[in-house]
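Peer 1: Output the structure for:
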Amino acid sequence: VVSWYEEWMSQLKKIHLLPSFAGKSGNTPVYTMDSSTLVLTDENASLPWMRWEASDPSVSLRVEGNRLTVSNPEHVSCTITAYNTLSEGAYQPTPIFAYDTTSESGYTDRRQTTIVASSTPLAQTVSGKFQIKPVETRVQFEKKDAQTKSQLTGAVLQLQSESGEVLQEWTSGSEPHVVAGLKPGLYVLHEKSAPSGYVTAADISFEVQGTSQLQTITMFDDVTKSRISKKEISSGEELPGAVLQILDQEGNVVAEWTSTGEPFYMEKLPVGQYILHEVSAPDGYATAPDIPFTVSDTGEIQAVAMVDEVTRVQISKKDLTTGKELPGAKLQILNAAGELVLEWTSGSEPYITEKLPVGKYTLREISAPEGYVTAEEVVFTVEDTGEIQTVAMSDDITKVQISKTDLTTGKELTGAKLQIINAE
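Peer 2: Prediction:
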């Protein structure tokens, strides 16, 4: 009887036993999962006869010995119920009392023995519960200037899923943007548009870890960089003294400077279309035509070059009669103030001068070749062009008419032999 009773009592204990990590109604433990897997150990060794039920079908359970592994790939909150299968259809034991009247001394001592019999079914299945919930993640997104490392305002940013679905969109401010409650997993930080003067950053793929600690994702924006050269056509060297402007599409002046011996460097020029305009060229150079250029969405240095051609004037000294070049004339060029700019003696080829500043000039003949008459001054203008400009001055020959006449009649007299002798 005693042996049977002990076995029954052991079975009775199992009927009411629950895993040590589960609780009954009103006392349900909650376990926070910092990953997709949670392993719970049962100190009551009750797992072999437990039946499990999860309130979310994405949650799966696996029993190995005294350990229960909970898989939560979707990182959901869920209630898990453990049902004691031994209690399903079991009966409540009822005690029956018997008396053992036999003693070692032969006297009756009425010792009581309890015998348990099945009589009353259990009212309900014995069950317990516990809850799981993912850890609440917190991720802060920083948008910074790549050079200064300071917080950058005005960038339109998107938080996307790994597949590209837009989960959230915001414009960066003076403080980092914080997103709470993201499920652990892979995400993408995408810059929809950069602030003016900055380059759109590449997407950042990142993983949200299952932790309550603040996680930080930082995206840096580089600035646009433009290098503008003003060059001399023949040498290719930087040309100082040109007044230059950058104009936007509406013709507004974005920047203005005077060229030096180094290229002009400019940062934070917004992405878009522009015009490089020369307001005035250095003396001796022709103003270059406008150059349209594009500032692209890149952090690389973008180069723009404008070349100035020199002014070129070709001056011919010609024989008025033949139209051929006339050597031996001494010539000068005077500026508008009457100052001497150039002086030379004509040859058999036209004289070419370069870098004569744009403006008005006078071509003067100091002395003509022998047998020719000094020409009148020629006023000309050097125009703002790199094309060859031509100026011509013609010398007429000297002409002397000699008459030998009859003193009485005044008519030409033939037959006289005459000589012309110079002053020496």
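Peer 1: Run a quick neighbour tally on Gly272.
Peer 2: Using other Cβ atoms under 10 Å, Gly272 is surrounded by 13 other residues. All C-beta atoms are positioned from the backbone trio N, CA, C, and that covers glycine.
Peer 1: ok, it - contacts?
Peer 2: Contact analysis of Gly272 by Cβ atoms under 8 Å, 6 or more residues apart in numbering lists Asp248, Gln249, Thr294, Val295.
Peer 1: what do you get if the cut-off is 10 Å, keeping everything else the same?
Peer 2: Residues near Gly272 by Cβ atoms under 10 Å, 6 or more residues apart in numbering: Ser196, Thr224, Asp248, Gln249, Thr294, Val295, Ser296, Asp297.
Peer 1: And for Ser87?
Peer 2: Lys14, Ile15, His16, Leu17, Leu18, Trp49, Leu122, Gln124, Thr125, Val126, Ser127.
Peer 1: what does Met50 give?
Peer 2: 17-19, 22, 42, 61, 63, 68, 81-86, 127-128.
Peer 1: and after the helix or strand bottoming out on mean pLDDT in the chain, which helix or strand comes next?
Peer 2: Within the chain, judged by mean pLDDT, DSSP states H and E, the helix or strand with the poorest mean is strand 111-121; its value is a mean of 48. Counting by DSSP states H and E, the next helix or strand C-terminal to strand 111-121 is strand 127-134.
Peer 1: Give the buried residues for that next one.
Peer 2: Across strand 127-134, burial judged by 16 or more other Cβ atoms under 10 Å covers Ser127, Gly128, Lys129, Phe130, Ile132, Pro134.
Peer 1: Stretch 216-234 too?
Peer 2: So, applying 16+ other Cβ under 10 Å, buried residues of stretch 216-234: 217, 219-226, 228-232.
Peer 1: What of stretch 44-58?
Peer 2: So, applying 16+ other Cβ under 10 Å, buried residues of stretch 44-58: Ser46, Leu47, Met50, Trp52, Ala54.
Peer 1: can you name the two of those that are farthest apart?
Peer 2: Ser46 and Ala54 (18.0 Å; Cβ to Cβ).
Peer 1: ok, so of the buried residues of strand 127-134, who is nearest Val253?
Peer 2: Pro134 (56.9 Å).
Peer 1: For that closest one, which non-adjacent residue is spatially closest?
Peer 2: His75 (4.0 Å; Cβ to Cβ, 6 or more residues apart in numbering).
Peer 1: okay, now the one you found: neighbour count?
Peer 2: With other Cβ under 10 Å as criterion, His75 counts 21.
Peer 1: surely Gln140 meets Gln213?
Peer 2: No - under the criterion of Cβ atoms under 10 Å, Gln140 is not in contact with Gln213, lying 11.2 Å apart.
Peer 1: Tell me which of these two has more neighbours.
Peer 2: More neighbours surround Gln140 than the other of Gln140 and Gln213, with 15 against 9 (other Cβ under 10 Å).
Peer 1: Assumed that one was part of a helix.
Peer 2: No - assigned with DSSP: H, G, I helix; E, B strand; the rest coil, Gln140 falls outside any helix and is strand.
Peer 1: Report the contact partners of it.
Peer 2: Glu175, Pro176, His177, Val178, Val179, Ala180, Leu214, Gln215, Thr216, Ile217, Thr218.
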